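>>> need coordinates for the following:
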Amino acid sequence: MKSVLALTFAAGAAAFAPSANVARSSTALAGDLSGEIGAQAPLGFWDPLDMTNGGEKDTFEELRTIELKHGRVAMLAVVGYLSTYAGNRFPGAEGSPSGLSALWNMSLTDYLWIFGTCAILEICNSDRAGTSEFRGDWRNGFDFGWDKQTDEWKTNKRAIELNQGRAAQMGILGLMIHDSMGNLNEILPTP
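Okay, here's the model as predicted:
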């Protein structure tokens, strides 16, 4: 028994011992991404799974664009989830339940409408005009005062949108988990 414990401790210690052979990989595109939008406090640039392939800027920007889109969808999802929970419905859907139970009470036509709406939004919300300032800029030539602002202001607003999207992703996840557990009424006031 003592020898098994000694071998266990030795194996555990060997796992944290420095290695003589350290493999290093580098690419021509690898760089320091700690100053990019999205690499912000408190974690900074955090890529434990090396999804940016050692710091490739193009891969990082593509992942940030995907995160931006997911954040925007999550913000809409949180607002929609909370507004239907409060009792607000579209005309004709007054009897439908809120939350995840609405998914099980929808008809095929409802699912087709959702799919069609997502397809139209996906087509329209792309850089069709070729005038985007950054990936995820889907103004399509329309200016809502963005072009009149300073670069520092734009960077700040983009960072705020990323953080709000991250919070919304966690928020909708929490709402769905509590709804599936059946205790959503304990964390949200009953309408």
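>>> C-alpha only now, for contacts and for neighbours.
Will do.
>>> which pLDDT value goes with N88?
Among the per-residue scores, N88 holds a pLDDT of 91.
>>> for it, give me its contacts.
For N88, the contact set (C-alpha atoms under 8 Å, 6 or more residues apart in numbering) comprises E94.
>>> secondary structure class for it?
On the three-state scheme (DSSP: H, G, I helix; E, B strand; the rest coil), N88 is labelled coil.
>>> quick check: nearest residue in space to R64, chain neighbours excluded?
Excluding its sequence neighbours, the residue lying closest to R64 (C-alpha to C-alpha, 6 or more residues apart in numbering) is G38, at 6.9 Å.
>>> am I right that that neighbour is in contact with T65?
No: G38 lies out of contact with T65 (C-alpha atoms under 8 Å); the separation is 10.0 Å.
>>> what is the neighbour count of the nearest residue to G136 once chain neighbours are set aside?
Excluding its sequence neighbours, the residue lying closest to G136 (C-alpha to C-alpha, 6+ apart) is T65, at 5.6 Å. Per other C-alpha atoms under 10 Å, the neighbour tally for T65 reads 18.
>>> just to be sure, T65 is in a helix?
Yes: with three-state DSSP as the criterion, T65 is located in a helix.
>>> ok, now how distant is it from G44?
With the distance defined as C-alpha to C-alpha, to the nearest Å, T65 ends up 17 Å from G44.
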